[in-house]
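Undergrad: give me a model of this one.
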Amino acid sequence: MNQSDQKKILIADDEASVRLLVKGLLGNNYIVLEASDGEEAVNMAYNQKPDLILMDILMPKMDGFSACYALKTDPATKTMPVVMLTVIGYELNKKLGQEIMGADGYITKPFSRQDLLDAIGQFSITPK
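TA: Residues are numbered from 1 along each chain as shown. You can find the predicted model right below:
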């Protein structure tokens, strides 16, 4: 498969183990980009134009909510789907992330490969 044909997924999480897990689960079918904080995620989104962003909430420099809001309020990145990824599964966080900050979905850690595939599937981001 030509790498330029593959869809890109950005995983933004300050835990290297989570980024490694996502890369291991999805790396055969997608180009998996990695960011270790919200600021890096926003910059990478502008430069790499991923097809989907998986965004942790609790990160240094810029938290996931702020990064999501920055992406969703910028015309250049507002159509990129952002799925919040967090250990905090409270309804208030879901409401804040999705309704106020513009997140397109929400996955609670720990998650399975199927959870990721289900989230990816709702945005028609299938591997080529």
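
Undergrad: now for residue 80, how many residues are close by?
TA: If you count neighbours by other C-beta atoms under 10 Å, residue 80 ends up with 20. Heads up, the C-betas are built off the backbone N, CA and C, glycines and all.

Undergrad: backbone phi and psi for it, please?
TA: phi -70, psi 120 (degrees, to the nearest 10).

Undergrad: 44 is where my numbering starts, stick with that
TA: With 44 as the first residue, the last one maps to residue 123.

Undergrad: what about it, distance to residue 81?
TA: Residue 123 sits 14 Å away from residue 81, going by C-beta to C-beta, to the nearest Å.

Undergrad: do residue 56 as well
TA: To residue 81, residue 56 is 10 Å away according to C-beta to C-beta.

Undergrad: ok, residue 62 next?
TA: Distance of residue 62 to residue 81, computed by C-beta to C-beta: 14 Å.

Undergrad: name the nearest residue to residue 65, sequence neighbours excluded.
TA: Nearest residue to residue 65, sequence neighbours excluded (C-beta to C-beta, 6 or more residues apart in numbering): residue 54, at 4.4 Å.
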